[in-house]
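next comes the sequence, and after it the predicted model I'd like to discuss.
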Amino acid sequence: MSSTEPMRIAFVNERDAPDIEAQPRMLVHSWRLIRTPAGSLHLVTLRDVDDEQGTVRVTSAISAVDRGRVVVTTSSGRQYELAGPPEEREMELELLRAGAVRLGMGRAVDVSVLAWDSVDLD
């Protein structure tokens, strides 16, 4: 890919995700946690990133959190294992924020750091 070609980013919501049976659990490296004005929590994830493309997904609402295993379960039943702390790299942060806005979560508040600080990793 030449440096003049733009990176392609797909923005998808939980309805665009594979069936739960095909993908019951995901390991997530790049993520942020948002709270909507109605109070529901959602993960915004960035996955399948390379020099040419990537996918930003906003999950369905979070229904359960296993702090010991650092796994969140969404209302769809899918589980997301958080491989590390919330995303902090600037380009990735901008993609996650843009994804949340584009997918209808523009009024949501990022609560990633607060949530991560409450996780017990011991």
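Arrived safely, thanks for sending.

who are the packing partners of the longest helix belonging to the chain?
Longest helix of the chain, by residue count under DSSP state H: helix 90-102. Judged by 3 or more CB pairs under 8 Å, 6 or more residues apart in numbering; DSSP states H and E, the packing partners of helix 90-102 are strand 8-13, strand 30-35, strand 41-47, strand 53-58. Every C-beta, even on glycine, is put in place using the N, C-alpha and C of the backbone.

export those strands as JSON lines, with columns for mean pLDDT and mean neighbour count.
Converted to JSON lines, the helices and strands packed on helix 90-102 look like this (pLDDT from 0 to 100; neighbours: other CB atoms under 10 Å):
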{"stretch": "strand 8-13", "mean pLDDT": "68", "mean neighbour count": "15"}
{"stretch": "strand 30-35", "mean pLDDT": "95", "mean neighbour count": "22"}
{"stretch": "strand 41-47", "mean pLDDT": "93", "mean neighbour count": "22"}
{"stretch": "strand 53-58", "mean pLDDT": "86", "mean neighbour count": "20"}
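
mind putting those into TSV with distance to residue 80?
Shown next, in TSV, are the helices and strands packed on helix 90-102 (distance: least, CB to CB, whole Å):
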stretch	distance to residue 80
strand 8-13	14
strand 30-35	8
strand 41-47	6
strand 53-58	10
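
for residue 79, find the nearest of these.
strand 41-47 (10.9 Å; CB to CB).

give me the helices and strands touching that closest one, please.
The contact analysis (3+ CB pairs under 8 Å, 6+ apart) places strand 41-47 against strand 25-28, strand 30-35, strand 53-58, strand 62-66, strand 71-74, helix 90-102.

partner strands of it and their direction?
strand 30-35 (antiparallel), strand 53-58 (antiparallel) (DSSP bridges).

so what touches it?
26, 28-36, 54-62, 72, 74, 80, 87, 92, 95-96, 99-100, 105, 108, 111, 115 (CB atoms under 8 Å, 6 or more residues apart in numbering).

helix/strand/coil for the nearest residue to residue 93 once chain neighbours are set aside?
Using CB to CB, 6 or more residues apart in numbering and skipping the chain neighbours, the partner closest in space to residue 93 is residue 87 (5.8 Å). The three-state label given to residue 87 by DSSP: H, G, I helix; E, B strand; the rest coil is coil.
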